[in-house]
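Undergrad: Predicted coordinates and the sequence they were generated for:
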Amino acid sequence: MKIAFIDHYDSFSYNVLDWLQRAAGVSLEITHLTCDNEIALSRLKNNPIPTVISPGPGTPTDYPLTLDVLKSIYQKVPVLGICLGHQMLGLLAGHSIAKAQDPWHGTSEEIHVHQKNWLTAGLPASFRATVYHSLVVKLNVPQTDPLLTPPHEQWLPLAFDSKKQLMILSHRELPVASVQFHPESFGSQSLEILARNFIDKTADSLK
């Protein structure tokens, strides 16, 4: 099985690659692309394969090439976004990016799962994960409670932190999802299951 990994020159990129490889074993072939490689990203756009979008510094709009690829492929192949990748999917879903209530870099935060789907299957209702972010996806929804999702919404908020800031987002029907925290970090609680869930979903989509 082949997947693409879009690298935003983040210090955690190789941890994510190792996390994915350990979850899938030798059957996984990862094409490592950098976010400024216009030729390689154009090839991915024209011939999409399942893709993981890495963490990285800055904001989603700092990476127009990645955003352009994401808009082109997310309806065709499975996609998993992590941290910066999560914020990119948030923008794609029609939400906005805002400053986090408390910027966290290298701390452990309690995450609460409010809805289950293919990505969160097997996760406990609450778990701890390592976070490195100063920005979050701010849900643009009409109701006052961000934990509620209108039935017509295409994108589902699946998990939040203790301050009701979005931590996991998923498309309702497509195998496309993202997490704000760092599941690959040694400080996260046994979150290899997220990698396995993504790999399994990818394998199912390719059958």
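TA: That came in fine, so what should we check first?

Undergrad: helices or strands next to the helix-or-strand element of the chain with minimal mean pLDDT in the packing?
TA: Counting by mean pLDDT, DSSP states H and E, the weakest-scoring helix or strand in the chain turns out to be strand 96-113, with a mean of 84. Counting contacts by 3 or more Cβ pairs under 8 Å, 6 or more residues apart in numbering; DSSP states H and E, strand 96-113 packs against helix 84-92, strand 126-138, strand 155-161, strand 166-171. For every residue, glycine as well, the C-beta is placed using N, CA and C.

Undergrad: can you tell me which of these the model trusts least?
TA: Lowest mean pLDDT of these: strand 126-138, a mean of 90.

Undergrad: Can you give me the buried ones in that strand?
TA: For strand 126-138, the neighbour count (16 or more other Cβ atoms under 10 Å) marks 127-133, 135-138 as buried.

Undergrad: how distant is that strand from the center of its chain?
TA: Centroid separation for strand 126-138 versus its chain: 11 Å, with Cα atoms, centre = their mean, to the nearest Å.

Undergrad: same for that strand, what does it pack against?
TA: Going by 3+ Cβ pairs under 8 Å, 6+ apart, strand 126-138 lies up against helix 84-92, strand 96-113, strand 166-171.

Undergrad: what does the longest helix anywhere in the chain contact?
TA: Using DSSP state H to define each element, the chain has its longest helix at helix 192-205. Helix 192-205 has contacts (Cβ atoms under 8 Å, 6 or more residues apart in numbering) with 1, 3, 19-20, 22-24, 28, 50, 52, 77-78, 80, 118-123, 175, 177, 179, 183-184.

Undergrad: returning to what we had before: for Asn46, state which of the buried residues of strand 126-138 is nearest.
TA: The shortest approach to Asn46 among the buried residues of strand 126-138 belongs to Val137, at 28.3 Å (Cβ to Cβ).

Undergrad: Ile168 is in contact with that closest one, correct?
TA: No: applying Cβ atoms under 8 Å, one finds Val137 not in contact with Ile168, separated by 10.2 Å.
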